[in-house]
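Colleague: next come a sequence and a model predicted from it.
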Amino acid sequence: MVSGYSISSKRQEMDLSVIDNYLFSSYWAKGIPLTVMEKAIDNSLCFGIFNHAGEQIAFARMITDYATSAYLADVFVLPEHRGKGLSKWLIKTIIEHPHLQGLRRMLLATSDAHGLYQQFGFTPLNAPELFMERHQPDIYLKTK
C-alpha cells in the first residue's frame, strides 16, 4: 500500500479519458482509437491506481481466461506520480489477485521495464522458438 493512493479493479471506476490520453501517445499503442480501447478494457481484468482526490493516475490490464494463462498489457503510471513505488504496488496487487492464481503462464512485452517485472518472477522466454506472433505495430495509425 502507498499512502494517499488506492487500487481498484472495478471496471466502472476506470477513467477512460485518462487511459485513452496516455495510451494514444504511448510507444506500444500509438494512435489507438477510443472505441478499441473501450472494447479492450471491457474484455480484460483492469486495475487502476487513484489518488486521494479519486483521480486515476495509473493503469494496467490482464487479458486472461482466468484458468490457464494471462497477458499483462497497457501498464503505466502518469509521470508526475512516478518514483513513489506505485508501479511495484500495482504489479504486486495484480500478481496476487485471487482470480489470477494457479495460472500456468503469464506473459508481457516491454521495451523499458524489465527490471520492474523481474522483481515479480518474470523472465525472458524459456523457449522463444515455441512462440510466434502476428505483429502489426502501426495498425491504429492505419485506421484513420
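Modeller: The structure has been received and is ready for your questions. Numbering: from 1, shown residues only.

Colleague: and the gap between residue 140 and residue 50?
Modeller: Relative to residue 50, residue 140 is positioned 27 Å away (C-beta to C-beta, to the nearest Å). Any C-beta I mention is one placed from the backbone N, CA and C, and that applies to glycine too.

Colleague: strands along this structure, start to end?
Modeller: Secondary structure of the chain, counting by DSSP state E: strands at 5-8, 45-51, 56-64, 69-77, 105-108.

Colleague: could those strands be laid out in JSON lines, adding distance to residue 136, mean neighbour count and mean pLDDT?
Modeller: Below are these laid out as JSON lines (distance: least, C-beta to C-beta, whole Å; neighbours: other C-beta atoms under 10 Å; pLDDT from 0 to 100):
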{"stretch": "strand 5-8", "distance to residue 136": "32", "mean neighbour count": "16", "mean pLDDT": "97"}
{"stretch": "strand 45-51", "distance to residue 136": "23", "mean neighbour count": "20", "mean pLDDT": "98"}
{"stretch": "strand 56-64", "distance to residue 136": "17", "mean neighbour count": "21", "mean pLDDT": "98"}
{"stretch": "strand 69-77", "distance to residue 136": "15", "mean neighbour count": "19", "mean pLDDT": "97"}
{"stretch": "strand 105-108", "distance to residue 136": "18", "mean neighbour count": "14", "mean pLDDT": "96"}
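
Colleague: same list (these) but as JSON lines, adding distance to residue 26.
Modeller: Converted to JSON lines, the strands of the chain look like this (distance: least, C-beta to C-beta, whole Å):
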{"stretch": "strand 5-8", "distance to residue 26": "21"}
{"stretch": "strand 45-51", "distance to residue 26": "16"}
{"stretch": "strand 56-64", "distance to residue 26": "11"}
{"stretch": "strand 69-77", "distance to residue 26": "7"}
{"stretch": "strand 105-108", "distance to residue 26": "14"}
